[in-house]
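Novice: The following block contains a protein sequence and its predicted model.
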Amino acid sequence: MAQKKSSHKTAQDKAAAQARREQRQARAERAKAQAEERRRAAKRKEQLTRFGLIAGVVVVLVGGWFLFTQLGSDKPDTPPEGASNNYGLVLGEADAPKSIVVYEDFLCPFCGQLEQTVGDQLDAPIEAGEVKVEYRPLPFLSRLSDYSPEAANAFAVVLDAAGPEVAKEYHDLLFANQPPESGPFPDSDQLVEWAVEAGASEDDVRAGIEDMAFEGWVDAAGDAAGDAGIDSTPTVLIDGEQVTGDPNQIATQMLAGTSAAN
């Protein structure tokens, strides 16, 4: 019988995890500082426009943006098995007449409201070939808590180890048990417990969840979303067009034209 992996971290493991947390916090602080600098630069630009110095300000802004885009994780962005090229989980037929992309953060309360509103109503349209849905988890709220990237990493670990169906079940469990933005936050043991509840093997997911195996991929997902102009969650695209409104209104548009809307 295979020996069950210990759930206890060594001092070295804890130190490495703490170092990773500090690195993520440092990245968040740098991003915040860059955002503040861009705001100040924009204000300077407005003032300098009156004196015909726009060209000089543009040079400063481009240089600052270049520096900002160089920041990020130094870990490899190796994708989990079964992930899309766009850092997501795709459910449904590729040629389905309706395509939905959901950018979300497992800590985002509005994402939780949207998930609660839509629930499992898209399951039947997906199975019937009416709609294709791609979920793209992001670490946007890492400035509030490490739980944001940790949950996204755990999702990637489950996808890699157990496949899309179990990953979708895990996705739903993360939202069903979503903590408030102020905490307290689930720890690695709880993330593993939910993974097992979703249908994954503890031996297959514990190490990856505890060690943040897909941290680089999660960070790359956040970078790709930023490059695409995504600056908030949830952001929902239907057939390539962003939809707006509160979670109820967005849910209505997601279900429109499918058997679930009848």
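Specialist: Thanks, I have it.
Novice: gap between stretch 242-250 and the chain center?
Specialist: Here stretch 242-250 shows a centroid-to-chain-centroid distance of 19 Å under the convention C-alpha atoms, centre = their mean, to the nearest Å.
Novice: buried ones in it?
Specialist: 243, 247, 250 (16 or more other C-beta atoms under 10 Å). For every residue, glycine as well, the C-beta is placed using N, CA and C.
Novice: Just the ones of those in strands?
Specialist: residue 243 (DSSP state E).
Novice: Quick check: end-to-end length of stretch 106-125?
Specialist: 24 Å (C-alpha to C-alpha, to the nearest Å).
Novice: ok so, going back, out of the buried residues of stretch 242-250, which one sits closest to residue 186?
Specialist: When those are compared for distance to residue 186 (C-beta to C-beta), residue 247 wins out at 22.5 Å.
Novice: what's the pLDDT at the closest one?
Specialist: Note on residue 247: pLDDT of 92.
Novice: Please identify the helix or strand for residue 207.
Specialist: helix 202-210 (DSSP states H and E).
Novice: Name the residues of that helix that are buried.
Specialist: 204, 205, 206, 208, 209, 210.
Novice: Excluding residues flanking it in the chain, which one is nearest the first one?
Specialist: With C-beta to C-beta, 6 or more residues apart in numbering as the measure, residue 161 is the residue that lies nearest to residue 204, at 4.0 Å, once sequence neighbours are left out.
Novice: Determine how far the helix or strand encompassing that neighbour lies from the middle of the whole chain.
Specialist: Assessed by DSSP H and E, residue 161 sits inside helix 147-162. The gap between where helix 147-162 is centred and where its chain is centred comes out at 10 Å by C-alpha atoms, centre = their mean.
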